[in-house]
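**Student:** quick check, what structure comes out for this input:
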Amino acid sequence: MSDYILSCCSVSDLSKEHYEKRNLNVVLFHFAIDGKQYLDDLGQSVPFETFYQEMANGAITKTSQVSVGEYIQAFEPLLKEGHDILHVTLSSGLSGTYQSACTAAQMLKEQYPNRKIFIVDSLGASSGYGLLMDKLADNRDSGMSIEENARWAEDHRLELHHWFFSTDLKYYVRGGRISRTSGFLGNLLHVCPLLNMDNLGHLAPREKVRTIKKVEQRIVEKMAENAFDGLDYSGKVYISQSACLDYAEAVKKLVEEKFKKINGQVEINWIGTTIGSHTGPGTVALFFWGKKRGE
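**Tutor:** Here you go, the predicted structure:
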């Protein structure tokens, strides 16, 4: 195994056990519930079920990214131990954390000139970002050098598809992503917007689909249109969900029925407290490898 640290942030939305199994270092974001601050520590301080129930009950949630100082605190002990670091961040299209990580890395390189620190913008989020990390762990474990793995991430990150839908628009209204009128009409007409992530790492609305059953089918159709080898896709598939496991299970069933060659079972994860603070409960996201994302 190549001797360098592969690192990411908690917003890559994998389980604590998954990070430990793949030997991934995790840097924690922050969130607040009605003004009370917490670390986004993978559901340890606030269980995900409790978090989404608080939101459903009307709690106001806010988030904050990792600061330059916190990145320094996270990276410096690893450098002191003699490790090089490849850290992959949340999409720069959603957060300023990439720039913070780059600033921290530059400051640390001056103190530790014999160590290597690579910072890569995932242009992804949630378990899509997590699926990228899982592949980078495969690369590391197969002997790929830190330079090669950083280059691989930059060359292939846009092949990681993020498609998601929401069943409750009030949280998108609250966050200013859609107007109150659109949100009211959407909920009244049972519209579930289908979105994806574009080539700049921004969230982009693509279609308005009426009823949950139809949007569950449509998101799987998007996978068939975009996945490597179409219905013969043989890579991994991740799903993340925010307190709507039944909808996630329905999408998983459709994927496994349609794609007979996928690598193992579809893995379902929670949308963590940072991303979930903006989506609220009722969001399902589907992640897979495919042709490069466009605008």
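
**Student:** got a list of contacts for stretch 13-27?
**Tutor:** The contact list for stretch 13-27, computed with CB atoms under 8 Å, 6 or more residues apart in numbering, reads 5-10, 12, 42-44, 66, 70-71, 74, 78, 85, 87, 125-127, 129-130, 133-134, 137, 240, 269-272, 275. (C-beta placed from N, C-alpha, C; glycine too.)

**Student:** over to stretch 39-52?
**Tutor:** 10-11, 15-16, 19, 26, 28-31, 33, 38, 61, 63, 242-243, 270, 272-274, 276, 280-281.

**Student:** any idea how far the residue nearest to residue 100 when sequence neighbours are not counted is from residue 105?
**Tutor:** Of all residues not flanking residue 100 in the chain, residue 68 sits nearest, at 4.9 Å (CB to CB, 6 or more residues apart in numbering). Distance of residue 68 to residue 105, given as CB to CB, to the nearest Å: 10 Å.

**Student:** and what of residue 141?
**Tutor:** Separation of residue 141 from residue 105 (CB to CB): 24 Å.

**Student:** the more surrounded of those two?
**Tutor:** residue 105 (19 against 13; other CB atoms under 10 Å).

**Student:** how about stretch 156-169 as CSV, C-alpha atoms only?
**Tutor:** Extracted in CSV, the C-alpha atoms of stretch 156-169 (Å, rounded to 0.1, in the frame of the first residue of the first chain):
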residue,chain,number,x,y,z
HIS,A,156,-12.0,11.7,-13.8
ARG,A,157,-14.0,13.7,-11.3
LEU,A,158,-16.5,14.9,-13.9
GLU,A,159,-17.3,11.2,-14.7
LEU,A,160,-19.0,11.0,-11.3
HIS,A,161,-22.8,11.7,-11.8
HIS,A,162,-25.0,13.2,-9.2
TRP,A,163,-28.8,13.0,-9.8
PHE,A,164,-31.3,13.8,-7.0
PHE,A,165,-34.8,14.7,-6.4
SER,A,166,-36.7,16.3,-3.5
THR,A,167,-40.2,15.5,-2.3
ASP,A,168,-40.6,18.6,0.0
LEU,A,169,-39.8,22.0,-1.5
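
**Student:** enumerate every residue touching the residue positioned nearest the centre of the chain.
**Tutor:** Among the residues of the chain, the one closest to the centroid is residue 126, at 1.5 Å (CA atoms, centre = their mean). Counting by CB under 8 Å, 6+ apart, residue 126 touches 11-13, 162, 240, 271-272, 275, 285, 287.

**Student:** again with residue 284
**Tutor:** By CB under 8 Å, 6+ apart, the neighbours of residue 284 are 164-165, 167, 216, 219, 239-241, 244, 247-248, 251.

**Student:** so residue 263, which state does it fall into?
**Tutor:** coil (DSSP: H, G, I helix; E, B strand; the rest coil).

**Student:** what's the neighbour count on the closest residue to it other than its chain neighbours?
**Tutor:** Of all residues not flanking residue 263 in the chain, residue 236 sits nearest, at 4.8 Å (CB to CB, 6+ apart). By the measure other CB under 10 Å, the count of residues near residue 236 is 18.

**Student:** how about residue 236, secondary structure?
**Tutor:** Applying three-state DSSP: residue 236 is coil.

**Student:** let me know the pLDDT of residue 134.
**Tutor:** With respect to pLDDT, residue 134 has a value of 98.
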